[in-house]
Every structure is written in structure tokens, then in C-alpha cells.
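[1] Quick one, structure for this:
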Amino acid sequence: MKPELNLTARSTWRDPAPEKPAGPGRAFWAAIVAVMAVACLAFLLSSGQLRPPAVFGPYSVSVPLDFRAYDPARWAIMNAEDYEEALKIDPTLPDPASIGFGDAAALPPADPALLRDEAFVGPPAKPYVFRGVTALDRERAHYCLTSAIYYEAASETDDGMRGVAQTVINRVRHPSFPNTVCGVVFQGSQRAGVCQFTFSCDGAMARAPSKPNWLRASRVASAALGGFVFPKVGLATHYHTQAIWPRWGKSLVMTNIVGAHIFHRWRGRWGMPDAFRAPYLGREPVPGPYLPLAQQLAILKGQGLPPGAGPAPMLGGVGAPLPDVAAAPLPSTMAPTAPVISSPVAAPIPAPTYTDPRLNQSGQIREEFRGSGEWKR
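    Below you'll find the predicted structure:
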């Protein structure tokens, strides 16, 4: 018989024995593990997290650990309709009033309509009472706000008037606008057609107000100056009628539609409640309009300034009273003794002409829209 070959046998002269890696042996690492275990045990004993039962007594748990997932009894208690039904299942349940939940049950239920309006409109304005420095300041603020409410929303409901009043109040409290009521209402009224509130520079105030609607606007103004907040427009600082959509509408956030007006507020932090913290000055300027009504109507009709009427004065400072700008003739005792020398007027620049006659009509108003915006007597 031939002897079997052992192919796995190592040849001592052909395969040298492997060298042992240099470094610590098993005994060294076992010692390191033992030292770490002793250190951890000492730390737990010193921190009180591990207490030997021989010294501190047996460890006990005060909360019963018999609750199991999907426990039928506990599940029935948690799904009970009220406390009385749960008490029938477990008579040892504590009284809810004894752990501080009694007051929450006494609160009135939240109105779903109010929650829906606030989610759509945004946060409401904070109440603020406008107290003028003097009785004259308070009377001026009331007149200016009443004028804005009447000439902007005289034909609307009380909510429509309150929306306009809240917008004016929001502007007074915002640092982007004057910090007086009259300053906000008649801002820019020294220029015809470019004021903040259209009625103050388009000749609308030449119309005598209706007594019933004026009294209604006066009541709304008194409430707004006294701290009443109309939450349906939120922190709106702009509005316009539903018949138009101005180019600045896309840059703001619409809050609501009340009556004939669509209300908007600033975007971002400038439209949040923290931005409406401008202090009320308390010194009201002379109510406007700051351009006489005769000049407003003449400018809007394309007739320019009436003869002898100069430009209206500009507001000199925040809340500074304005002089009377009525274009009445001077009395005979104040007539100037020297002749008035008029300044030379530059000749008008002729309009450019084009070969195509249709281009020569650019900038003109079509005949059916020529009287748009004029006061009808």
C-alpha cells in the first residue's frame, strides 16, 4: 500500500513558522478591561445610581408595573365618554379637579367662526387708546377719522366703516406713516390726485355730508379712538375697492374683503404685531385738505391753478400745524402797495409729431372717458 499524502502538513524547512505580532498580549488587555469595570462601578456607587441592597435596603418601585400594551381595562378607561363612565370601570381614579384641570373645563368653548377668520385674516391689532394732549387735539383726531370713514365708506354697513377706521388706526401705529390721525388721513393732500386717501385731493369734500351717515361715521370713529379693535381686517394698512386691482396689490398680503373694499397688510415682519408700536404723538395738525377744493377741481379739470392762487404749503414737520391755505382774496387793508412783478413763464414745449397719425394721439383720453373722476353738480 502507498502511504497517503498529507497535503495540509507544514514543511518545516520550506514554510517557516509565522512570527508573533509585536505588542501587548492578552493579559495586558484583560487588565485594562478589569480596571475600567472597577472605575465604572465606583462612579455608579458615588453618584447614587447604584445602591447595594446590603447597605441601603431593597430597591422598590412606587408605580405599579402591571400595565400592558392593549390592556383591555386601561383601554376602556382611556376611551370612556366622560369621568363618570371611567369611574365605573376603575373606582380608584382621581378627581380631575384635584390636579388642576377644573379651570380649563370652565372656559367657554372656542368659536369656530372666529378661529377660521383669524386663520384667514391674520392676527388682530392690539387695543390702543388715542389720547390727545389737549381737547383740541382730541377733536381734530375725531374729525379727521370721521371724515375718512364717511367719504370712503358712507354707503356701506357699519363693518365697512369699521374696516376703514381700523386701517387708519393701524397706519398711525406703524412707523411707515405719520404718527397722528390727521397726518395719516390727509397725507399727500397738498397735491391733487396723488394723496393717500383719494377723497382728500379729488374735490370729493366739496360734497356736503349726509347727517345720518356722518353721525354713524362719528360713532365708529369714537369707538376706534377709544380702543375698539375690528379683527376682520387684521393688521391691514391698505385697501382698495373691488372694482380695481392696483399694481401694488401683488406686493402685499390680502387679509379680507369687507363691504366694497379689499384689505391688505405688509409682508413679512413689517406686517406682524410687533411692528405696530409707533408712539402716538398726541399733537394733531390742522385738518386738511391741504390744497383748497377750488384748486383741486381746477387741476383735475385740466385748468391748472386759478389766477392769483399759489401752491399749497407743505407739511413742515411731523405733526406741525399748517396755516390756512384757502384761496380767498386779501382784505383791502392787507393789499400790497407795490405792484406785483410776475416771474417769467417758460414757453410750452411743443408735442412731438409722428408720421403715423395714430401715434400722435398717444397720451390722449378717449372722449367717453374724458369726464371720468370729475365732480358732477
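
[2] Might one say that Lys232 is in contact with Asn256?
    Yes - between Lys232 and Asn256 there is a contact under C-beta atoms under 8 Å: 5.5 Å. The C-beta positions use only the backbone N, C-alpha and C, and glycine is treated the same way.

[3] what residues are shared contacts of the two?
    Residues touching both Lys232 and Asn256 by C-beta atoms under 8 Å, 6 or more residues apart in numbering: 117, 121, 163.

[4] Now for Gly234: which residues touch it?
    Counting by C-beta under 8 Å, 6+ apart, Gly234 touches 121-125, 255-256, 263, 265.

[5] possible to save those as a markdown table with neighbour count and secondary structure?
    What follows is the contacts of Gly234, written out as a markdown table (neighbours: other C-beta atoms under 10 Å; DSSP: H, G, I helix; E, B strand; the rest coil):
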| residue | neighbour count | secondary structure |
| --- | --- | --- |
| Val121 | 20 | helix |
| Gly122 | 20 | coil |
| Pro123 | 13 | coil |
| Pro124 | 17 | coil |
| Ala125 | 19 | coil |
| Thr255 | 25 | strand |
| Asn256 | 20 | strand |
| Phe263 | 27 | strand |
| Arg265 | 25 | strand |
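
[6] export those to CSV and tack on pLDDT and distance to Ala221?
    Below are these laid out as CSV (pLDDT from 0 to 100; distance: C-beta to C-beta, whole Å):
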residue, pLDDT, distance to Ala221
Val121, 89, 22
Gly122, 88, 24
Pro123, 89, 23
Pro124, 91, 19
Ala125, 93, 16
Thr255, 92, 21
Asn256, 92, 21
Phe263, 95, 18
Arg265, 94, 21
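
[7] Quickly name whichever of these is closest to Leu291.
    Nearest to Leu291 among those is Phe263, at 27.2 Å by C-beta to C-beta.

[8] Distance-wise, check the closest one relative to Glu84.
    Distance, Phe263 to Glu84, by C-beta to C-beta, to the nearest Å: 49 Å.

[9] part of a strand, is His240?
    Yes - under DSSP: H, G, I helix; E, B strand; the rest coil, His240 sits within a strand.

[10] show me where pLDDT drops low in the stretch 1-150 of the chain?
    Along the stretch 1-150 of the chain, segments meeting pLDDT under 70 span 1-25, 45-70, 96-108.

[11] so where do the helices sit in it?
    In the stretch 1-150 of the chain, the helices defined using DSSP state H, counting those that start in this stretch lie at 26-47, 53-56, 72-78, 83-89, 102-106, 112-121, 135-153.

[12] what's the most buried one of the ones you listed?
    The highest mean neighbour count among these, using mean count of other C-beta atoms under 10 Å, belongs to helix 135-153: a mean of 21.

[13] What lies in contact with that one?
    130-132, 160-161, 163-165, 168, 180-182, 185-186, 197, 199-200, 204-205, 209, 213-214, 217-218, 220-222, 224-225, 259-261, 282-288.

[14] Quick check: Ile77 touching Ile89?
    Yes - applying C-beta under 8 Å as the test, Ile77 and Ile89 come out as touching, 5.2 Å apart.

[15] and this structure, what are its domains?
    27-53, 121-294 (automatic domain parsing).

[16] tally of neighbours for His264?
    For His264, the neighbour count with other C-beta atoms under 10 Å is 26.

[17] continuing past the helix or strand harbouring it, what's the next helix or strand?
    Per DSSP states H and E: His264 is located in strand 261-265. Following strand 261-265 in sequence order, the next helix or strand is helix 293-300 (DSSP H and E).

[18] pLDDT averaged over that next one - what is it?
    Helix 293-300 shows a mean pLDDT of 86.

[19] Kindly report the same for stretch 197-215.
    The pLDDT scores in stretch 197-215 average 92.

[20] Any chance you could list what contacts it?
    The contact list for stretch 197-215 (C-beta under 8 Å, 6+ apart) reads 146-148, 150-152, 154-155, 185-195, 288-289, 291, 293, 296-297, 300, 373, 375.

[21] And stretch 245-264, by the same measure?
    If you take C-beta under 8 Å, 6+ apart as the criterion, stretch 245-264 is touched by 117, 120-122, 152-153, 155-157, 159-160, 162-164, 167, 232-242, 265-267, 271.

[22] make it 7 Å
    For stretch 245-264, contacts defined as C-beta atoms under 7 Å, 6 or more residues apart in numbering pick out 120-122, 153, 156-157, 159-160, 163, 167, 232-234, 236, 238-242, 265-267, 271.

[23] among the helices of the stretch 1-150 of the chain, which is nearest Val172?
    Comparing these against Val172 with C-beta to C-beta, the closest turns out to be helix 135-153 (9.0 Å).

[24] Show the contacting residues for Val129.
    Val129 neighbours (C-beta under 7 Å, 6+ apart): 226-227.

[25] oh sorry, the question was meant for Val181
    130, 141, 144-145, 168, 172, 284.

[26] would you list those residues in TSV and tack on distance to Ala34?
    Output for the contacts of Val181, formatted as TSV (distance: C-beta to C-beta, whole Å):
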residue	distance to Ala34
Phe130	80
Ala141	86
Cys144	89
Leu145	86
Val168	82
Val172	78
Glu284	87
